[in-house]
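Novice: Predicted structure and sequence below. I'll ask about it afterward.
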Amino acid sequence: MALSTDRELRIRMLLALGLVVCLPFAFVYTFLFLVNTVGIPLLEWVNEQPYHGEFYVDPLVLSVVVLGGLAVQYRYGPRTVVDSLGARPVDASAYPELHATVTRLSSQVDVAKPAISVIESDVPNAFAVAGGGETGRVVVTSALLESLSEDELEAVLAHELAHLKNRDANLMTVAWLLPTITYYLAIVAFYVLYGFYRLLGAGAGGRSSGSGDGRGIVAVIVVITVTAVATLLVSAMFWLASVLFYRILSRQREYAADEAAAAITGSPAALASALETIDETMTAVPDEDLRKLDGGTEALYLAPLEDRAFDSNDLLSTDIFPDTHPPTAVRIERLRELEGERS
């Protein structure tokens, strides 16, 4: 059975891909606007003379950089995610039934069989990534294999293969580039500002009040402060926007994959039962185990981690962003309704 991708889903994926590509351009040109409107007047003030001209970024060069960055993210992003969680590749000799099920389902869905990795974890969950020169990779935890029945595991694997078939696993891989870059830029800008003022405070007592370089010191303080604050604000703004987009995209793709898994296996009840089992099991899992499985990849999982026992500042983003997944109870209800329509 070849799983068809509906037209609406394709349109959503294309629009999302367009936004993924456009956001880095908007980020760079926002910086460029600030440089020309704030940076040039600041430069004129420091030098005490007018500056003729403005800063410019060649669109062709920027296109090469942006597309090259997305290509690098697509190539190495999946490997980084899998390695960061301690997932180990497994072959058919170690997990024959798992490989046999994935092989059979891949043939049904009409996708190339993905590689398979297993994470030793007490948290039952799974996810799929695409890119890195592979046909895709399905990752499951040891707890998932131990806690689900054969039918439930088949439904979960079908759900992950649907992500590969729908290409949203590819999209999620490249969509994480801008949040990563803007996050680290904001962190660097913050620590530059923090370190500079710590250094300034430590050296304040050693400066002579009668020194003749007062204006030069003020100029340095103003330039570094304005530059760091502008970088921090713009980076934070685009980080917020890109993470919001990423999480909304994650929510939308889960419904499509649930419906696809129901179509592949012919049993919506099997996936509903799997989600119920995972939901009940994770309430008893210690916070530490959940955090180890997170690592910023919560949007990729079959079932969410964030609405479990986390109550600290480690997942502050959950307070200001929508959840990465639809409510599990709603997903289960939709699957039960599908099962009722089939009977």
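Specialist: Perfect, thanks for sending it.

Novice: List the buried residues for stretch 333-341?
Specialist: Across stretch 333-341, burial judged by 16 or more other CB atoms under 10 Å covers Arg334, Leu335, Leu338, Glu339. All C-beta spots, glycine's among them, are computed from the backbone N, C-alpha and C.

Novice: Which parts of the stretch 151-300 of the chain are helices?
Specialist: Residue ranges of the helices in the stretch 151-300 of the chain, as given by DSSP state H, counting those that start in this stretch, are 168-175, 177-203, 214-265, 268-282, 287-294.

Novice: Distance check, the closest residue to Leu193 other than its chain neighbours against Leu60.
Specialist: Nearest-residue entry for Leu193: Ala228, 4.0 Å, with adjacent residues in sequence omitted and distances by CB to CB, 6 or more residues apart in numbering. Ala228 sits 30 Å away from Leu60, taking CB to CB, to the nearest Å as the criterion.

Novice: Neighbour count: those two, which is higher?
Specialist: Each of Ala228 and Leu60 has its neighbours counted (other CB atoms under 10 Å); Ala228 has more, 20 against 8.

Novice: Give me the distance between the more buried one and Leu185.
Specialist: Between Ala228 and Leu185 the distance, using CB to CB, works out to 11 Å.

Novice: cool, and Phe196?
Specialist: Taken as CB to CB, the span from Phe196 to Leu185 is 16 Å.

Novice: Neighbour count for those two, which is higher?
Specialist: Counting neighbours by other CB under 10 Å for Phe196 and for Leu185 shows that Leu185 has the greater number, 19 against 15.

Novice: residues in contact with the closest residue to the more buried one other than its chain neighbours?
Specialist: In space, and not counting its chain neighbours, Leu185 is closest to Ser235: 4.1 Å by CB to CB, 6+ apart. Ser235 sits next to Thr182, Tyr183, Leu185, Ala186, Ala189 when contact means CB atoms under 8 Å, 6 or more residues apart in numbering.

Novice: Next: Gly39.
Specialist: Counting by CB under 8 Å, 6+ apart, Gly39 touches Phe55, Thr227.

Novice: Of the contacts of Ser235 - the most surrounded one?
Specialist: Neighbour counts for these, by other CB under 10 Å, peak at Thr182, which reaches 24 neighbours.

Novice: quick one, what contacts that one?
Specialist: For Thr182, the contact set (CB under 8 Å, 6+ apart) comprises Phe27, Ser235, Ala236, Phe238, Trp239, Ser242.

Novice: and which of those residues is nearest Ile116?
Specialist: Compare each of the contacts of Thr182 with Ile116 using CB to CB and the shortest gap goes to Ser242, at 30.2 Å.

Novice: Got phi/psi on Phe139?
Specialist: Slight slip there: residue 139 is Val, not Phe. phi -120, psi 130 (degrees, to the nearest 10).

Novice: Apart from its chain neighbours, what residue comes closest to it?
Specialist: With CB to CB, 6+ apart as the measure, Ser117 is the residue that lies nearest to Val139, at 4.6 Å, once sequence neighbours are left out.

Novice: contacting residues for that neighbour?
Specialist: Remark: with contacts taken as CB under 8 Å, 6+ apart, Ser117 is in contact with Val82, Ala87, Arg88, Pro89, Val90, Arg137, Val138, Val139, Val140.

Novice: sorry, back to before: could you redo the buried residues of stretch 333-341 as JSON lines and give each row distance to Leu19 and secondary structure?
Specialist: Putting the buried residues of stretch 333-341 into JSON lines (distance: CB to CB, whole Å; DSSP: H, G, I helix; E, B strand; the rest coil) gives the following:
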{"residue": "Arg334", "distance to Leu19": "26", "secondary structure": "helix"}
{"residue": "Leu335", "distance to Leu19": "29", "secondary structure": "helix"}
{"residue": "Leu338", "distance to Leu19": "30", "secondary structure": "helix"}
{"residue": "Glu339", "distance to Leu19": "35", "secondary structure": "helix"}
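
Novice: Name the nearest of those residues relative to Thr103.
Specialist: Nearest to Thr103 among the buried residues of stretch 333-341: Leu335, at 24.8 Å, using CB to CB.

Novice: Report pLDDT for that closest one.
Specialist: Note on Leu335: pLDDT of 95.

Novice: distance of it from Pro268?
Specialist: Using CB to CB, one obtains 4 Å as the distance from Leu335 to Pro268.

Novice: got it, and Glu150?
Specialist: Taking CB to CB, one finds Glu150 at 16 Å from Pro268.

Novice: what do you get for Glu8?
Specialist: Remark: distance between Glu8 and Pro268 (CB to CB) = 20 Å.

Novice: more neighbours, the two?
Specialist: Ranked by neighbour count (other CB under 10 Å), Glu8 and Pro268 place Pro268 first, with 24 against 9.

Novice: my read: that one touches Glu333, true?
Specialist: No. With contacts defined as CB atoms under 8 Å, Pro268 does not count as touching Glu333, sitting 10.8 Å away.
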